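Student: need a structure here:
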Amino acid sequence: LESVVSSERLSMTASDRCKQRRNLKFTLGGNGMERFTLAQAAEWTKGEAKGDVTLCAVSTDSRRIPEEALFLPLAGERFDGHDFIGKALENGAAAVMSHRECEEYPVPALYVENTSQALLDLAGGYRALCGGTVVGVTGSVGKTTTKELLYATLAQQFRAEKTEGNLNNEIGLPLTLMRMTKDTEVMVAEMGMNHFGELSRMTAAAQPDYAVITNIGTSHIEFLGSREGICKAKLEILEGLREGGTAVLCGDEPLLWDKRDSLGCKVCTYGVENEACDLVAQLREDGSFTVKNNGLESETLPIGESFTANLSIPGAHNVLNALAAASVMLLIGRQDIEEIVLGVEWSTILFFTGLFVIVGGMVKCGVITALGNALVSVTGGNVKLLMILILWGSAIFSSVLDNIPFVATMIPLILSMQADGMNVTSLWWALSLGACLGGNGTLIGASANVVLSGISAKHGHPITFGHYLKVGFPTMVLSVAISTVYLLVRFH
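Tutor: Have a look, this model is predicted:
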């Protein structure tokens, strides 16, 4: 990874580099990328092409070169990807990009001033080639959650893509954009930064139609000087807005609110505390919230009208996240209000139920491991006795813990459908079967943990959390996957 990270451009911490190492996908394209020529790439990057070839992939990893791929070497502080161009050619690169003007290559080559900037320029040209709508999301806090909620909402109506993991910097963003195709209707692109100028370069590539700024905090204040400096840096995302694009701002943030009339673009504001926003949410005691349109031009929700939605998670900040998603949906304007309400409600259910399942599974792993170790000590590592003691107890415990988020989410939904007069008998059966499969899967995982406990104790090495993750946790994941597939088929 060090060969593709430039600390002078990205100022990444060691922790950032570790995260990037885990998440960065070096190879793009294959059958998923639209075809383009080296001549087009030269036009996008303002480089000089020697020779021409049609391409359908881009790779920054010399070890992973798909067919018809452009190898794009990036230079870092410790390594330079240009040193591996020979290896890329051996592995079948159809063309190379380089900022070493003195070198010649046996395949068509694109010479640029700087390959790191050229990566952004290439992605910008490719984004324009694909078309579609891009929603850019930034902010000091909440941008990832807002991105996920936006995607979960939009994906119900559009062929949508999103930023995966934390690929939100000057390397991750262009890789994300090059996952688009001409069939992509909406791309939700998260953009992070810690220095002035970074969002300027990223938004020039992304060319967003809508730019969401969630808030202004104090992250990276050591580089930006003050909250006012952070606000200035966040507003750089608006520099790349396409003609007619809209800034979607949290009006509860005074720094954003005060600048809304001086941004030189269309502005939509949303908020909970600021009743002068275009979209305002009023929280209700039953956990729902009412959204009123105070000034957003929308055929779907005319000014003065409102709608009510239920949020499956607590917290006013999550209402703000949902408001951001609703604002973009209203601005796009291809859904009726019922679809928007359903999208907002289901996006929070799907996103946070997933988090609950993951957290619950990790807690369960730790609790079962602790209980297993305790019983190993009591029984002296007798595997048969451990099986008798733990098998049935863990079945009850695991079934309950696994199914709390699952059942807690589904029962209110089914009851609501029943209240609307729908026949939900088949759904109750589906819920029961799903819970049963989840519990049985965990029972198998717990049993495997018990066997490991006994074997490990006999050899004088108590079981560790890692042992359970290797055997029990994958079993649980498989059982949840089976349950999910069944429910999807049954609902369909």
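Student: quick check: Ala189 is in a strand.
Tutor: Yes - under DSSP: H, G, I helix; E, B strand; the rest coil, Ala189 sits within a strand.
Student: helix or strand: which one has Tyr151?
Tutor: Element membership for Tyr151, per DSSP states H and E: helix 143-154.
Student: actually Leu173, sorry about that
Tutor: Counting by DSSP H and E, Leu173 is found in helix 172-177.
Student: ok so, going back, tell me what the next helix or strand after the helix holding Tyr151 is packed against?
Tutor: Moving toward the C-terminus from helix 143-154, the next helix or strand (DSSP H and E) is strand 160-162. Judged by 3 or more C-beta pairs under 8 Å, 6 or more residues apart in numbering; DSSP states H and E, strand 160-162 is in contact with helix 143-154, strand 186-190. To be clear about C-beta, it is placed using only N, CA and C from the backbone, and glycine gets the same treatment.
Student: quick one: strands adjacent to the shortest one?
Tutor: It stands for strand 186-190. If you go by DSSP bridges, strand 186-190 pairs up with strand 133-138 (parallel), strand 160-162 (parallel).
Student: between it and helix 143-154, how big is the angle?
Tutor: Relative orientation of strand 186-190 versus helix 143-154 (axes from the mean of the first three to the mean of the last three C-alpha atoms, to 10 degrees): 170 degrees.
Student: got the CA coordinates for strand 186-190 in CSV?
Tutor: Extracted in CSV, the C-alpha atoms of strand 186-190 (Å, rounded to 0.1, in the frame of the first residue of the first chain):
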residue,chain,number,x,y,z
VAL,A,186,-27.3,7.3,-8.6
MET,A,187,-23.9,7.2,-7.0
VAL,A,188,-23.7,8.2,-3.3
ALA,A,189,-20.1,9.3,-2.8
GLU,A,190,-18.7,10.0,0.6
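Student: follow-up on the earlier one: quick one, which of the strands paired with strand 186-190 gets closest to Val212.
Tutor: strand 133-138 (4.6 Å; C-beta to C-beta).
Student: quick one: average confidence on that closest one?
Tutor: The average pLDDT for strand 133-138 rounds to 96.
Student: any chance of the helices and strands packed on strand 160-162 in TSV, with mean neighbour count, distance to Cys231 and mean pLDDT too?
Tutor: Shown next, in TSV, are the helices and strands packed on strand 160-162 (neighbours: other C-beta atoms under 10 Å; distance: least, C-beta to C-beta, whole Å; pLDDT from 0 to 100):
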stretch	mean neighbour count	distance to Cys231	mean pLDDT
helix 143-154	25	15	84
strand 186-190	27	18	96
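Student: end-to-end on stretch 244-253?
Tutor: By C-alpha to C-alpha, to the nearest Å, the extent of stretch 244-253 from end to end equals 24 Å.
Student: which residues sit against that stretch?
Tutor: 139, 208-216, 238, 241, 256-257, 260, 263, 265-274, 276-278, 320, 324, 327-328, 331 (C-beta atoms under 8 Å, 6 or more residues apart in numbering).
Student: my read: Gly92 touches Ile65, true?
Tutor: Yes - using C-beta atoms under 8 Å, Gly92 is in contact with Ile65, at 5.1 Å.
Student: which of the two has more neighbours?
Tutor: Ile65 (22 against 13; other C-beta atoms under 10 Å).
Student: what is the helix holding Leu173 packed up against?
Tutor: Using 3+ C-beta pairs under 8 Å, 6+ apart: helix 172-177 touches helix 115-130, strand 186-190, helix 198-206.
Student: could you list the low-pLDDT ranges of the stretch 301-450 of the chain?
Tutor: For the stretch 301-450 of the chain, applying pLDDT under 70 flags the ranges 311-316, 334-336, 339, 342-450.
Student: is it fair to say Ile230 lies in a strand?
Tutor: No - with three-state DSSP as the criterion, Ile230 is assigned helix and is not in a strand.
Student: for the residue nearest to Asp252 when sequence neighbours are not counted, what are its contacts?
Tutor: Nearest-residue entry for Asp252: Gly271, 4.2 Å, with adjacent residues in sequence omitted and distances by C-beta to C-beta, 6 or more residues apart in numbering. Contacts here follow C-beta under 8 Å, 6+ apart; on that basis Gly271 touches Cys250, Gly251, Asp252, Cys277, Leu279, Val280, Ala281, Leu320, Leu323.
Student: got phi/psi on the third one?
Tutor: So that's Asp252. Main-chain torsions, Asp252, degrees, to the nearest 10: phi -80, psi -10.
Student: ok, the last one next?
Tutor: Dihedral angles phi and psi of Leu323 (degrees, to the nearest 10) take the values phi -60, psi -40.
Student: likewise the first one?
Tutor: With angles defined as degrees, to the nearest 10, Cys250 shows backbone torsions of phi -80, psi 110.
Student: out of the helices and strands packed on strand 160-162, the one nearest Leu74 is which?
Tutor: strand 186-190 (19.9 Å).
Student: got the angle between the closest one and helix 115-130?
Tutor: 160 degrees.
Student: Thr184 is nearest to which of the strands paired with strand 186-190?
Tutor: Of these, nearest to Thr184 by C-beta to C-beta is strand 160-162, at 5.4 Å.
Student: contact partners of the closest one?
Tutor: 147-148, 150-151, 154, 176, 179-180, 184-190.
Student: still on that earlier bit, adding distance to Gly229, write the helices and strands packed on strand 160-162 out as a markdown table.
Tutor: Output for those, formatted as a markdown table (distance: least, C-beta to C-beta, whole Å):
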| stretch | distance to Gly229 |
| --- | --- |
| helix 143-154 | 18 |
| strand 186-190 | 21 |
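Student: which one of those lies closest to Phe307?
Tutor: helix 143-154 (14.0 Å).
Student: gap between Leu238 and Leu199?
Tutor: Distance of Leu238 to Leu199, computed by C-beta to C-beta, to the nearest Å: 9 Å.
Student: between those two, which is the more surrounded one?
Tutor: Using other C-beta under 10 Å as the criterion, Leu238 and Leu199 rank with Leu199 on top: 26 against 22.
Student: okay but the more buried one is in contact with Ile230, surely?
Tutor: No - using C-beta under 8 Å, Leu199 is not in contact with Ile230; the gap is 11.1 Å.
Student: ok, now which ones touch Asp67?
Tutor: Quick fix: residue 67 is Glu, not Asp. Counting by C-beta under 8 Å, 6+ apart, Glu67 has contacts Gly30, Cys56, Ala57, Gly92, Ala94.
Student: now do the helix holding Tyr151: which elements does it pack against?
Tutor: Using 3+ C-beta pairs under 8 Å, 6+ apart, helix 143-154 sits against strand 133-138, strand 160-162, strand 186-190, helix 316-332, helix 337-379.
Student: and the closest residue to Thr246 other than its chain neighbours, how far is that from Ser327?
Tutor: Spatial nearest neighbour of Thr246, chain neighbours left out: Lys266 (4.3 Å); criterion: C-beta to C-beta, 6+ apart. Distance of Lys266 to Ser327, given as C-beta to C-beta: 12 Å.
Student: so which of the helices and strands packed on strand 160-162 gets nearest Asn293?
Tutor: helix 143-154 (17.4 Å).
Student: pull that closest one out as CSV, backbone CA atoms only.
Tutor: In CSV, the C-alpha atoms belonging to helix 143-154 read as follows (Å, rounded to 0.1, in the frame of the first residue of the first chain):
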residue,chain,number,x,y,z
LYS,A,143,-21.3,11.5,6.9
THR,A,144,-20.9,7.7,6.8
THR,A,145,-24.3,7.1,8.4
THR,A,146,-25.9,9.6,6.1
LYS,A,147,-24.3,8.0,3.1
GLU,A,148,-25.6,4.6,4.2
LEU,A,149,-29.1,5.9,4.8
LEU,A,150,-29.1,7.7,1.5
TYR,A,151,-28.0,4.6,-0.4
ALA,A,152,-30.5,2.4,1.4
THR,A,153,-33.3,4.8,0.5
LEU,A,154,-32.3,5.5,-3.1
